[in-house]
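Peer 1: Please find the sequence and the predicted model below.
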Amino acid sequence: MDAHFAAKIQDLTDWVISEALIADNYVGIYEGFHCRLVEAGVPICRAHVAMPTLHPLAELITITWRPDTKATLSMIGHGSRQTDDWLNSPIKVMMEGNLDRLRIGPDDIDSAAEKFPVVAKLKDEGVTDYMVFGVPFSSHPEALQSQIGLVATYATYQKGGFTAEQTEALERVLPRFSLVAKLASRERLFHNILDAYLGADAGRRVRAGQITLGSGQMIDAVIWFCDLRHSTPLAEKLGHEAFIEILNDYFAALAGAVMDNGGDVLRFIGDAALAIFPISEDGFDARTARVKALEAAHDALKRAREINAIRQANGDDPFEFGIGLHVGRIMYGNIGVPERVEFSVIGPAANEAARIESLCKETAQTVLISEQFADGLDEDWQDLGYHAIRGSKKELRLFTLRSLSRS
């Protein structure tokens, strides 16, 4: 390798390692890495990388970069291995053969374009050379075949394709970037798991170090509690798989509405869910938290109607539910035992929200709202009077919106 070119490549490898230690945006590192690789003399017209991930909604992370555009990250949903793009991909050929390299050079690109749509598209753009590298993230001999690792592709418009020197440079620098990608992927995995299992706000607090038993703070919040109706007879009638399906449809409507309107779902308790809309300087003010919770309730009802219409059209049972909305002061933090803690909320207000929801059945309403919640908003309330709260000597005055009333 030419000494001047080799020095530039060494500078690049030093840069990517130093950046990896301080940066939290590996898409930015990917972009900077390839800009510098082109400046060093490797004529890349397109770079693409794919890595597996553990996420409820995705199985792959991909990043694509071209010299004239910003790098873009995509989350590829589960089942991508069944799509035509994958089934007709040269990457599939490489991985199933457990190879760490596949090259479609200038002499091969015409014939490859007939077999692989992605190659045909790149050939039409003027690409002359297409290289695929696999970097395993495990010592297992079939790591790449098992999709444990990183796959990177490089294309060039250069006449004659990549030179031997440029190919050697790619071979040299890619493991360095792969190390960065592996570390960043684990960091992202850490974030994904915390957010998926704890909720976005609780996940952020845990990442910030709030992990010891008893750590937490008193906060004001709107408290949302919802529960599926007739769950026991439904489970007995439908069987395990069909009941899980109806449960997921119900949570998609209600928990989805909460999250899309700014709330944090803290716990799934069987077929019930507990969520909050925090009232704080860095969250919502008292009125906005109430407005957002009401918007989430309207949204949940709309989603449920749409999902139930599809279920009934398919001959499946619809689902019913109740929502209780309350506001109060709660302790928000870690509870449990030192070896097993849970980030949640505790306090009388949280218990009262669950009790309010339980009265939906008795009052024949879908949404019940406490007086403390209603006091913050000027709405068309329907006063349902005072009701005894199970487990407490106090009574709570409850409301619903006339637009939501079932009576």
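Peer 2: Good, I have the coordinates.
Peer 1: for the protein, where's the lowest mean pLDDT among helices and strands?
Peer 2: None of the helices or strands of the chain scores lower by mean pLDDT, DSSP states H and E than helix 200-207, at a mean of 65.
Peer 1: can you give me the strands in the stretch 1-150 of the chain?
Peer 2: 46-52, 60-65, 72-76, 101-104, 129-136, 149-156 (DSSP state E, counting those that start in this stretch).
Peer 1: any idea which of those strands scores lowest on pLDDT?
Peer 2: The weakest mean pLDDT among the strands of the stretch 1-150 of the chain belongs to strand 72-76, with a mean of 81.
Peer 1: Now it: buried residues?
Peer 2: Neighbour-count burial for strand 72-76, counted by 16 or more other C-beta atoms under 10 Å, picks out residue 76. Yep, even glycine has a C-beta here, placed from its N, CA and C like the rest.
Peer 1: Please name the strands paired to that strand in the sheet, noting orientation.
Peer 2: strand 60-65 (antiparallel) (DSSP bridges).
Peer 1: about what we covered before: next, format the strands of the stretch 1-150 of the chain as CSV and append distance to residue 279.
Peer 2: Shown next, in CSV, are those (distance: least, C-beta to C-beta, whole Å):
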stretch, distance to residue 279
strand 46-52, 39
strand 60-65, 35
strand 72-76, 32
strand 101-104, 56
strand 129-136, 48
strand 149-156, 44
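Peer 1: which one of those lies closest to residue 286?
Peer 2: strand 72-76 (35.3 Å; C-beta to C-beta).
Peer 1: Alpha carbons of the closest one, as CSV, please.
Peer 2: The C-alpha trace of strand 72-76 is given here as CSV (Å, rounded to 0.1, in the frame of the first residue of the first chain):
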residue,chain,number,x,y,z
THR,A,72,-30.0,7.4,7.4
LEU,A,73,-30.9,4.8,10.0
SER,A,74,-33.8,2.4,9.5
MET,A,75,-35.4,-0.1,11.8
ILE,A,76,-36.4,-3.2,9.8
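Peer 1: how big is the angle separating it from strand 46-52?
Peer 2: Put simply, strand 72-76 runs at 40 degrees to strand 46-52, going by axes from the mean of the first three to the mean of the last three C-alpha atoms, to 10 degrees.
Peer 1: Distance from strand 72-76 to the middle of the chain?
Peer 2: 12 Å (C-alpha atoms, centre = their mean, to the nearest Å).
Peer 1: and of the strands of the stretch 1-150 of the chain, who's closest to residue 364?
Peer 2: strand 72-76 (42.4 Å).
Peer 1: and stretch 255-263, which residues are buried?
Peer 2: Neighbour-count burial for stretch 255-263 [16+ other C-beta under 10 Å]: 255, 257, 258, 261, 262, 263.
Peer 1: From these, which land in helices?
Peer 2: 255, 257, 258 (DSSP state H).
Peer 1: Of those, which is the nearest to residue 309?
Peer 2: residue 257 (16.5 Å).
Peer 1: which one is residue 133 nearest to, not counting chain neighbours?
Peer 2: What sits nearest to residue 133 in space, not counting adjacent residues and going by C-beta to C-beta, 6 or more residues apart in numbering, is residue 152, at 4.9 Å.
Peer 1: Tell me which residues touch the one you found, please.
Peer 2: 47, 48, 49, 50, 132, 133, 135, 174, 177, 178 (C-beta atoms under 8 Å, 6 or more residues apart in numbering).
Peer 1: so what's the fourth one bridging to?
Peer 2: Beta bridges link residue 50 to residue 62, residue 151, judged by DSSP bridges.
Peer 1: In contact with residue 132, which residues?
Peer 2: 90, 91, 94, 101, 102, 103, 151, 152, 153.
Peer 1: for the third one, what are its contacts?
Peer 2: Translated: residue 94. Here residue 94 is in contact with 101, 102, 132, 134, 144, 151 (C-beta under 8 Å, 6+ apart).
Peer 1: The first one contacts residue 133, correct?
Peer 2: By that I understand residue 101. Yes. Applying C-beta atoms under 8 Å, one finds residue 101 in contact with residue 133, separated by 6.1 Å.
Peer 1: Comparing these two, which residue is more hemmed in?
Peer 2: residue 133 (21 against 11; other C-beta atoms under 10 Å).
Peer 1: Could you export the buried residues of stretch 255-263 to a markdown table, including columns for pLDDT?
Peer 2: Shown next, in a markdown table, are the buried residues of stretch 255-263 (pLDDT from 0 to 100):
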| residue | pLDDT |
| --- | --- |
| 255 | 91 |
| 257 | 94 |
| 258 | 94 |
| 261 | 94 |
| 262 | 91 |
| 263 | 92 |
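Peer 1: Pick the one among the residues you listed closest to residue 65.
Peer 2: For those, the nearest to residue 65 is residue 262 (33.1 Å; C-beta to C-beta).
Peer 1: Does that closest one touch residue 278 like I think?
Peer 2: No. Counting by C-beta under 8 Å, residue 278 is not a contact partner of residue 262; they are 9.3 Å apart.
Peer 1: Mutual contacts of the two, please.
Peer 2: residue 284.
Peer 1: still on that earlier bit, of all pairs in the contacts of residue 132, which one spans the longest distance?
Peer 2: So, the contacts of residue 132 by C-beta to C-beta: farthest apart are 103 and 151, at 13.7 Å.
Peer 1: need the helices for the stretch 151-300 of the chain, in chain order.
Peer 2: 164-198, 200-207, 231-238, 240-260, 286-313 (DSSP state H, counting those that start in this stretch).
Peer 1: ok, and what's touching the third one?
Peer 2: Meaning helix 231-238. Under C-beta under 8 Å, 6+ apart, the answer for helix 231-238 is 228, 243, 246, 270, 271, 317, 319.
Peer 1: ok, now with 7 Å
Peer 2: 243, 246, 271, 317 (C-beta atoms under 7 Å, 6 or more residues apart in numbering).
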